[in-house]
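> need a structure here:
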Amino acid sequence: MSPDPTARPGLYLHIPFCRRKCPYCDFYSRADRVELIPDYHLLLTRQLELFVAEGWDQPFETVFFGGGTPSLLSAKQVATVLEAAAAEPGLTADAEISLEVNPGTIEASDLSELCRAGANRLSIGVQSFDDARLRQLGRLHDAAGAIGAVDQARRAGFNNISIDLMFALPNQTVEELEADLGSALSLETEHLSIYGYSLEEGSAWAGRPDRAPVDEEIYARMYEILHERLDQAGFRHYEISNFARPGRECRHNLGYWRRRPSLGLGAGAHGFQASGWGRRFWTPPDLDRFATALERGENPAADLECFDREGAMREYVYLALRTADGIDEDEFVSRFGIAFDEFFSEPLQKLSGRMEREAGRWYLPWKSWLVYDRLVAQFL
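A predicted model of the protein is given here:
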């Protein structure tokens with residue numbers, strides 16, 4: 001049995017460039033290699049061709065340009081990559097095509113061109129509507145620029161917009177969060193992602209106690225406020241960090257959490273192939289190595305992990321419990337040939353009172369997501 005090989009794959013494209021590196025960020029991105037941007041899309045299409053030659057032949061049902069700052073690519077570059085994917089292996093007729101955008105890095109005319117190029121979903125990196133906070137976070141935009149970016153996206157034709165909002169920032173108060181949330185709701189977007197700030201090793205702020213997040217009690221209160229306010233506003237809390245209006249969940253990210261196949265292109269991208277019990281691979285985060293390998297006609301991607309049956313089951317649970325839908329008992333049996341509550345009877349006993357079961361699904365109530373890492377460790 002396999003990890004659902006019939007599911008249509010998603011395509012992820014990592015754009016590892018930024019105008020300025022945010023001090024809290026530990027993602028692979030470079031602010032000192034912008035000279036590579038004009039030809040980067042050609043490297044992406046070249047890597048796609050190599051994967052197709054290796055057997056990737058199913059049309060993509062989602063595409064996601066992430067980073068970094070994907071909006072540093074021109075609309076023409078985005079269109080070239082999408083045209084290559086549409087030619088082979090193809091895009092489904094209703095493909096969700098998302099692109100991350102940072103306010104201050106894109107003009108209204110560019111947004112219109114992106115819409116015409118095929119992008120139909122934007123994820124806008126707002127983070128905060130407080131100008132002082134935005135300066136602290138090293139962002140290039142102000143609150144007016146964030147609001148303007150959403151308005152420009154609407155005028156350009158986008159009707160599926162997500163915004164990112166950070167919380168638990170250093171010394172942030174509940175009142176500050178509520179003001180940010182009120183501004184976010186006033187934009188009436190279809191989706192909202194919330195990210196609890198933490199000091200990440202590898203970021204510029206690592207090791208700075210003056211940049212520590214708020215304490216656990218305030219963090220939990222902020223998370224509850226976000227859930228309650230967004231629920232009242234008609235959003236569904238469908239994953240630990242994500243809220244959507246009905247039917248506007250990010251299909252690409254749902255593919256990750258449902259352990260479906262995905263192809264990652266670009267320096268620093270990850271992918272998952274549904275052969276056997278599953279194989280995870282990545283392209284190492286090294287732009288020079290990435291370009292050199294492709295110029296030689298070699299695919300720079302490398303294996304990270306090949307799963308056995310038990311490893312696949314544990315990862316499936318780890319991912320599924322991030323979502324409100326949780327674990328479907330019938331799907332688990334179909335994939336792995338054993339009942340979920342039979343194989344994981346011991347962890348379920350330990351988590352009695354924390355896990356819930358309803359209509360053939362096991363899931364964690366949203367308040368349990370506050371201690372997700374500790375709870376899910378029982379299954380690993």
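> tell me where the model's unsure across the stretch 1-150 of the chain.
1-6 (pLDDT under 70).
> where do the helices of it begin and end?
Under the criterion DSSP state H, counting those that start in this stretch, the stretch 1-150 of the chain contains helices at 37-53, 75-87, 108-117, 131-136, 143-156.
> want to throw these into JSON lines with distance to Leu230 and mean neighbour count?
To be clear about C-beta, it is placed using only N, CA and C from the backbone, and glycine gets the same treatment. Putting the helices of the stretch 1-150 of the chain into JSON lines (distance: least, CB to CB, whole Å; neighbours: other CB atoms under 10 Å) gives the following:
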{"stretch": "helix 37-53", "distance to Leu230": "35", "mean neighbour count": "18"}
{"stretch": "helix 75-87", "distance to Leu230": "30", "mean neighbour count": "19"}
{"stretch": "helix 108-117", "distance to Leu230": "25", "mean neighbour count": "18"}
{"stretch": "helix 131-136", "distance to Leu230": "20", "mean neighbour count": "15"}
{"stretch": "helix 143-156", "distance to Leu230": "17", "mean neighbour count": "18"}
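> distance to Pro284 added to those, as JSON lines?
As requested, the helices of the stretch 1-150 of the chain are arranged in JSON lines below (distance: least, CB to CB, whole Å):
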{"stretch": "helix 37-53", "distance to Pro284": "13"}
{"stretch": "helix 75-87", "distance to Pro284": "21"}
{"stretch": "helix 108-117", "distance to Pro284": "29"}
{"stretch": "helix 131-136", "distance to Pro284": "32"}
{"stretch": "helix 143-156", "distance to Pro284": "32"}
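> ok, which of those comes nearest Asp288?
Of all those, helix 37-53 sits nearest to Asp288, with 11.5 Å by CB to CB.
> off-centre distance for the closest one?
21 Å (CA atoms, centre = their mean, to the nearest Å).
> just want the angle from that helix to helix 75-87.
10 degrees (axes from the mean of the first three to the mean of the last three CA atoms, to 10 degrees).
> who are the packing partners of helix 37-53?
Using 3 or more CB pairs under 8 Å, 6 or more residues apart in numbering; DSSP states H and E as the contact criterion, the elements in contact with helix 37-53 are helix 75-87, strand 262-265, helix 287-295.
> what's the closest of those to Cys306?
Of those, nearest to Cys306 by CB to CB is strand 262-265, at 16.0 Å.
> any residues touching the closest one, and which ones?
Under the criterion CB atoms under 8 Å, 6 or more residues apart in numbering, residues 9-14, 44, 47-48, 51, 56, 60, 255-256, 270-272, 281-283, 301 lie in contact with strand 262-265.
> try it again with 6 Å
With CB atoms under 6 Å, 6 or more residues apart in numbering as the test, strand 262-265 has contacts from 9-13, 44, 47-48, 56, 270-272.
> filter the residues you listed down to the ones in strands?
Cross-referencing the contacts of strand 262-265 against strands under DSSP state E gives 10-13, 270-272.
> still on that earlier bit, CSV for the contacts of strand 262-265, including distance to Gly207?
Formatted as CSV, the contacts of strand 262-265 follow (distance: CB to CB, whole Å):
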residue, distance to Gly207
Pro9, 39
Gly10, 36
Leu11, 37
Tyr12, 31
Leu13, 32
Leu44, 35
Gln47, 35
Leu48, 39
Trp56, 41
His270, 27
Gly271, 32
Phe272, 33
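> dump the residue contacts of the residue lying closest to Leu111 once chain neighbours are set aside.
Using CB to CB, 6 or more residues apart in numbering and skipping residues adjacent in sequence, the residue nearest Leu111 is Ala156, 3.7 Å away. Contact analysis of Ala156 by CB under 6 Å, 6+ apart lists 111-112, 115.
> confidence score at the closest residue to Leu50 other than its chain neighbours?
On the basis of CB to CB, 6+ apart, the spatially nearest residue to Leu50 that is not a chain neighbour turns out to be Asn299, at 4.2 Å. Asn299 is assigned a predicted lDDT (pLDDT) of 98.
> what helix or strand is the spatially most central residue of the chain on?
Centroid check for the chain by CA atoms, centre = their mean gives Asn253 as the closest residue, at 5.6 Å. Using DSSP states H and E, Asn253 maps to helix 251-257.
> other SSEs contacting that helix?
The elements that helix 251-257 packs onto, with contact taken as 3 or more CB pairs under 6 Å, 6 or more residues apart in numbering; DSSP states H and E, are strand 60-67.
> for the strand it packs on, which helices and strands make contact with it?
Using 3+ CB pairs under 6 Å, 6+ apart: strand 60-67 touches strand 10-15, strand 91-101, helix 251-257.
> just those: most buried one?
Of all these, strand 10-15 has the most neighbours on average by mean count of other CB atoms under 10 Å, namely a mean of 27.
> give me the distance from it to the chain's centre.
The answer for strand 10-15 is 10 Å, by CA atoms, centre = their mean.
> tell me which residues are up against it.
For strand 10-15, using CB under 6 Å, 6+ apart, the contacting residues are 44, 60, 62-68, 70, 85, 252, 255, 262-266, 268-269.
> are any of those residues buried, and if so which?
44, 60, 62-68, 70, 85, 252, 255, 262-266, 268-269 (16 or more other CB atoms under 10 Å).
> what sits against Arg155?
No residues are in contact with Arg155 under the rule CB under 6 Å, 6+ apart.
> go again using 8 Å as the cut-off
Arg155 touches 108, 111, counting by CB under 8 Å, 6+ apart.
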